[in-house]
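Q: coords below, sequence missing:
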């Protein structure tokens, strides 16, 4: 196994052949799910995102098929063949769980996951430390993709999408006294993050096949936490607009709806669709 973990839970691949990475000052971030992938490139010298691209798959793939799509992407996108000072991979799947830092034992990572995720004995299990709420995010990364990126670039960092979401939203809401329900929308699935008085109240992820599925999961979650749809504050981020049917059905039941903001501190050559789209990809860079 090529993978190593640092004491802080930050993941790196074993350091090798990375001297060429110092020839420029570009950073690459790639986000992968079974429904699609995206990437962005940051020029650190000018603090400018020079490229953001997304690819949606025609159907839900398996991790081996996702790797094939990633290889094709590298063949077709010349900018991905640059040298990079940093490479980050964001894994987007539902194989994750949060553990309070005080209770975490790295020798029992499989035990944390097996209660709410279907895992195999052969699965590699990793973890991210989330400093904002003193927790550890235990998850299964796409190890075949990690190995491919290692072979291509050498050292890199990888994270789970929920780690990026929770860290980013807790920073945004750290001084807030108003409960917020964040919905991060992706193709056919979404993450829900509930913040109360600047602290994480709940994180979960759902797969949906219709707008009725979408609103059901939101209303069911709100009911479990005794949140009134007439008064709760719902914040959409990710892949959604006011024209989407999932937005329209949400607005039928929830009146206080707004869109989030990445609060970017860099420039763009070509701006993303909105200031809340590509949220986790751009927050990972």
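A: Okay, I see it. Small disclaimer: the values here were computed from a predicted structure and weren't measured.

Q: I'd like the next helix or strand past the helix or strand harbouring residue 184.
A: Assessed by DSSP states H and E, residue 184 sits inside strand 180-186. For strand 180-186, the following helix or strand on the C-terminal side (DSSP H and E) is strand 189-196.

Q: run the chain-centre distance for that following strand.
A: 12 Å (CA atoms, centre = their mean, to the nearest Å).

Q: what sits up against that strand?
A: 33, 35, 94, 161-162, 165-166, 169-170, 173, 176, 179-184, 200-208, 214, 217-218, 221, 225, 227, 238 (CB atoms under 8 Å, 6 or more residues apart in numbering). C-beta here means a position set from N, CA and C on the backbone, and glycine is covered the same way.

Q: and the pLDDT at residue 101?
A: Predicted confidence (pLDDT) at residue 101: the value is 96.

Q: for it, grab phi and psi.
A: phi -60, psi -40 (degrees, to the nearest 10).

Q: do you know how far it is from residue 233?
A: To residue 233, residue 101 is 28 Å away according to CB to CB, to the nearest Å.

Q: and stretch 78-87, how far out from the chain's middle?
A: 20 Å.

Q: which residues sit against it?
A: By CB under 8 Å, 6+ apart, stretch 78-87 touches 20-30, 39, 41, 44, 50-51, 73-74, 149, 153, 155-157.

Q: and the buried ones among those residues, selectable in PyMOL?
A: The buried residues among those can be selected in PyMOL (16 or more other CB atoms under 10 Å) with this line:
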select buried, resi 21+26+27+28+29+30+39+41+50+51+73+149+153+155+156+157
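
Q: for the helix or strand hosting residue 202, give the mean pLDDT please.
A: Element membership of residue 202, judged by DSSP H and E, is strand 199-207. Across strand 199-207, pLDDT averages out at 95.

Q: for that strand, buried residues please.
A: By neighbour count with 16+ other CB under 10 Å, strand 199-207 contains the buried residues 200, 203, 205, 206.

Q: mind telling me what element the nearest residue to the last one once chain neighbours are set aside is part of?
A: Closest residue to residue 206 in three dimensions, ignoring its sequence neighbours and counting by CB to CB, 6 or more residues apart in numbering: residue 217, at 4.4 Å. Here residue 217 sits within helix 211-224, counting by DSSP H and E.

Q: got the contact list for whichever helix or strand comes after that helix?
A: Remark: after helix 211-224, the chain's next helix or strand is strand 233-238, criterion DSSP H and E. With CB under 8 Å, 6+ apart as the test, strand 233-238 has contacts from 178-186, 190, 218, 247, 250, 254, 256-260, 262, 276-280.

Q: and stretch 138-147, by the same measure?
A: Contacts of stretch 138-147 (CB under 8 Å, 6+ apart): 2-3, 11, 13, 32, 63-64, 66-67, 70, 89, 91, 93, 95-99, 109, 112-113, 117, 119, 123-128, 158, 160, 162.

Q: return a ChimeraX selection command for the buried portion of those.
A: Buried subset of the contacts of stretch 138-147, written as a ChimeraX selection, criterion 16+ other CB under 10 Å:
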select :3,11,13,32,63,66,67,70,89,91,93,95,96,97,98,99,109,112,113,117,123,125,126,127,128,158,160,162
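
Q: where does this protein have low pLDDT?
A: 1-23 (pLDDT under 70).

Q: still on that earlier bit, the strand holding residue 184 packs against which elements?
A: Helices and strands touching strand 180-186, by 3 or more CB pairs under 8 Å, 6 or more residues apart in numbering; DSSP states H and E, are helix 161-172, strand 189-196, helix 211-224, strand 233-238.

Q: what residues sit buried inside the longest one?
A: Using 16+ other CB under 10 Å as the burial criterion, the residues of helix 211-224 that qualify are 211, 214, 215, 217, 218, 221, 222.
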